[in-house]
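Enquirer: predicted coordinates and the sequence they were generated for:
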Amino acid sequence: MKALFIGGTGTISMAISKLLLKNGWDLYLLNRGNRNKDSQLEGAHFITVDINDEEAVAKKIEGMHFDVVGEFIGFVPSQLERDYRLFKGKCDQFIYISSASAYQKPLSNSIISEKTPLANPYWEYSRNKIACEDYLMKLYREEGFPVTIVRPSHTYDERSVPLGVHGNNGSYQVVKRIKEGKPVIIHGDGLSYWTITHNSDFAKGYVGLMGNIHAIGEAVQITSDEVVTWNQIYECIAKALGVELKPVYVSSSFLAATSNYDFTGSLLGDKSNSVCFDCSKLKSLVPDFIATKRADQGIKETVEYVLSHKECQIEDPEFDDYCDKVIQGISELQNKF
């Protein structure tokens, strides 16, 4: 079996690439080459080109045909229009990574399935994903373009600890605060339900959809079955660090209204909502799928990896200052009563 991934080395796709190579797939990675020297990708074929250079890509893939093309870095419809021009007639299945954040917000039912409406007034990212889905499904209905939509939710890998509130440089600054015994912001009261999925588990579901004739024309969500609270997620991080967690609970609406960070999208449009994913559709398509990495296990492994790899320790002093100001302000307000 022959596959081409647009991207192929990111948080979600790296684990899939590794699993495909292990399973003997003929894998092509089309990207700019930033992580192609990773030893875990031994055996892959690299097409080093900017996907936005459509003419150059067309020349690189001339005469080639793929069982599966996977799009991991498509965020707006114009990028999918480009993909359609490039891969029409060149693949038996086109798998697009959308997002579970596209589901209805606020939710009318915390049990989420593929039948849950798509509507997110809070986050442009999610609305663009919905528009991409609409475009691809129109191509499937009208022209038979062999589309499969995949909706992940908070998939993480060993390089980034899963968090709710962080700055533009990722999650390390929050990990550093916890390690140093500083208070950290948790949105809401920390009791809302959430699901995090390790990329090694996500990969098993994704690979099971590849070449699957029953997945054509379908949208499928891939997540763990495990549900945890945000308090449990942060407690797992503190436990992995061997320190006591010092949480400060702040309303998601307050965070969205008082910062330059896009907490309107990432919190009100996503992480502040209690969710539980019904993955029965995935399991009907991939009967042997089971997510085996518990949240506490994955978080512990990720914390250990980040602490032992300097390149993952990207500090964010601006976000650190923001946290201090919010926490100080709340403390002063509490002292008045």
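Expert: Yep, it's here. Keep in mind that what you see is a predicted model, and the values were worked out from it rather than measured. Numbering: from 1, shown residues only.
Enquirer: right, and the helix or strand after the helix or strand where residue 141 lies?
Expert: Element membership for residue 141 (DSSP states H and E) is helix 124-143. Sequence-wise, the next helix or strand downstream of helix 124-143 (DSSP H and E) is strand 147-152.
Enquirer: quick one: strands adjacent to that next one?
Expert: strand 94-97 (parallel), strand 218-222 (parallel) (DSSP bridges).
Enquirer: please identify the most buried of those strands.
Expert: strand 94-97 (a mean of 24; mean count of other Cβ atoms under 10 Å). The C-beta positions use only the backbone N, C-alpha and C, and glycine is treated the same way.
Enquirer: how far does it sit from the chain's center?
Expert: 14 Å (Cα atoms, centre = their mean, to the nearest Å).
Enquirer: what pLDDT, on average, does that strand get?
Expert: Here strand 94-97 scores 98 as its mean pLDDT.
Enquirer: what angle sits between the helix holding residue 141 and strand 147-152?
Expert: If you take axes from the mean of the first three to the mean of the last three Cα atoms, to 10 degrees, helix 124-143 sits at 160 degrees to strand 147-152.
Enquirer: hang on, the earlier thing: now the strands paired with strand 147-152 as TSV including distance to residue 332?
Expert: TSV is the format used below for the strands paired with strand 147-152 (distance: least, Cβ to Cβ, whole Å):
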stretch	distance to residue 332
strand 94-97	44
strand 218-222	43
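Enquirer: closest to residue 169 out of those strands?
Expert: strand 94-97 (23.2 Å; Cβ to Cβ).
Enquirer: tell me which helix or strand comes right after that closest one.
Expert: strand 111-112.
Enquirer: show me what contacts residue 88?
Expert: By Cβ atoms under 8 Å, 6 or more residues apart in numbering, the contact list for residue 88 reads residue 145.
Enquirer: which SS class is residue 86?
Expert: Of the three states, residue 86 takes helix under DSSP: H, G, I helix; E, B strand; the rest coil.
Enquirer: tell me the pLDDT of it.
Expert: Reading off the confidence values, residue 86 has pLDDT 98.
Enquirer: what's the answer for residue 181, then?
Expert: pLDDT, residue 181: 98.
Enquirer: same deal with residue 232?
Expert: pLDDT at residue 232 comes out at 98.
Enquirer: same thing with the one 3 residues further on?
Expert: Residue 235 is assigned a pLDDT of 98 by the prediction.
Enquirer: which helix or strand contains it?
Expert: Residue 235 belongs to helix 230-241, assigned by DSSP H and E.
Enquirer: name the residues of that helix that are buried.
Expert: 230-238, 240-241 (16 or more other Cβ atoms under 10 Å).
Enquirer: now swap in stretch 167-187 and tell me
Expert: So, applying 16+ other Cβ under 10 Å, buried residues of stretch 167-187: 167, 170-179, 183-187.
Enquirer: what do you get for stretch 51-68?
Expert: Neighbour count says stretch 51-68 has 51, 57, 61, 66, 68 buried, by 16+ other Cβ under 10 Å.
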